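Show me the folded form of this:
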Amino acid sequence: MAQFILTARHSSNIGGQRIDRGQQFSLNVCMMGITPTNLFNNSRCADTVLRQFSAQGLDLPKNSPLLNGGHWDIKMK
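Numbering: from 1, shown residues only. As a prediction, the model looks like this:
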């Protein structure tokens with residue numbers, strides 16, 4: 001199981017939800033081969049990523065612009 005720490009690079013308002021610059025989210029992905037570079041580009045883990053965000057109070061649609069590595073500093077634990 002891979003664990004990632006995502007830190008917001010900038011503040012964002014999406015659908016009435018606010019993400020502050022520097023805010024962190026922890027994601028656990030139970031799939032082999034997932035790395036920080038392919039976390040958002042892998043269709044196999046898209047639902048897992050959305051569920052992990054939702055569990056931490058961030059409900060995003062599948063087409064959200066925040067589901068892109070450019071918005072986050074991604075560290076693998």
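
can you give me the helices in the protein?
In the chain, helices defined by DSSP state H lie at 46-55, listed in chain order.

Which positions within the helix or strand of it with the lowest mean pLDDT qualify as buried?
Using mean pLDDT, DSSP states H and E, strand 12-14 stands out as the lowest-scoring helix or strand of the chain, at a mean of 89. Residues of strand 12-14 classed as buried by neighbour count (16 or more other CB atoms under 10 Å): Ser12. To be clear about C-beta, it is placed using only N, CA and C from the backbone, and glycine gets the same treatment.

burial measure for Arg18, as a count.
Around Arg18 there are 10 other residues, counting by other CB atoms under 10 Å.

beta partners of it?
According to DSSP bridges, Asn13 are recorded as the beta-bridge partners of Arg18.

How far off centre is the least confident helix or strand of the chain?
The chain centre lies 14 Å from the centre of strand 12-14; the measure is CA atoms, centre = their mean, to the nearest Å.

can you check stretch 5-16 too?
Relative to the centre of its chain, stretch 5-16 is centred 10 Å away, using CA atoms, centre = their mean.

Buried residues of that stretch, list them for me.
6, 8, 12.

cool, stretch 52-69 as well?
Neighbour counts over stretch 52-69 (16+ other CB under 10 Å) mark 52-53, 58, 60, 64, 66-67 as buried.

Next, the distance between the ends of that stretch.
Using CA to CA, to the nearest Å, the gap from the first to the last residue of stretch 52-69 comes to 16 Å.

rewinding a little: now render the buried residues of stretch 5-16 as CSV, adding distance to Cys30.
Shown next, in CSV, are the buried residues of stretch 5-16 (distance: CB to CB, whole Å):
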residue, distance to Cys30
Leu6, 17
Ala8, 24
Ser12, 27
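
what's the closest of those residues to Thr37?
Leu6 (13.3 Å; CB to CB).

if I read this right, the closest one contacts Trp72, doesn't it?
Yes: applying CB atoms under 8 Å, one finds Leu6 in contact with Trp72, separated by 4.3 Å.

and the least confident helix or strand of the chain, what other elements does it pack with?
strand 17-19 (3 or more CB pairs under 8 Å, 6 or more residues apart in numbering; DSSP states H and E).
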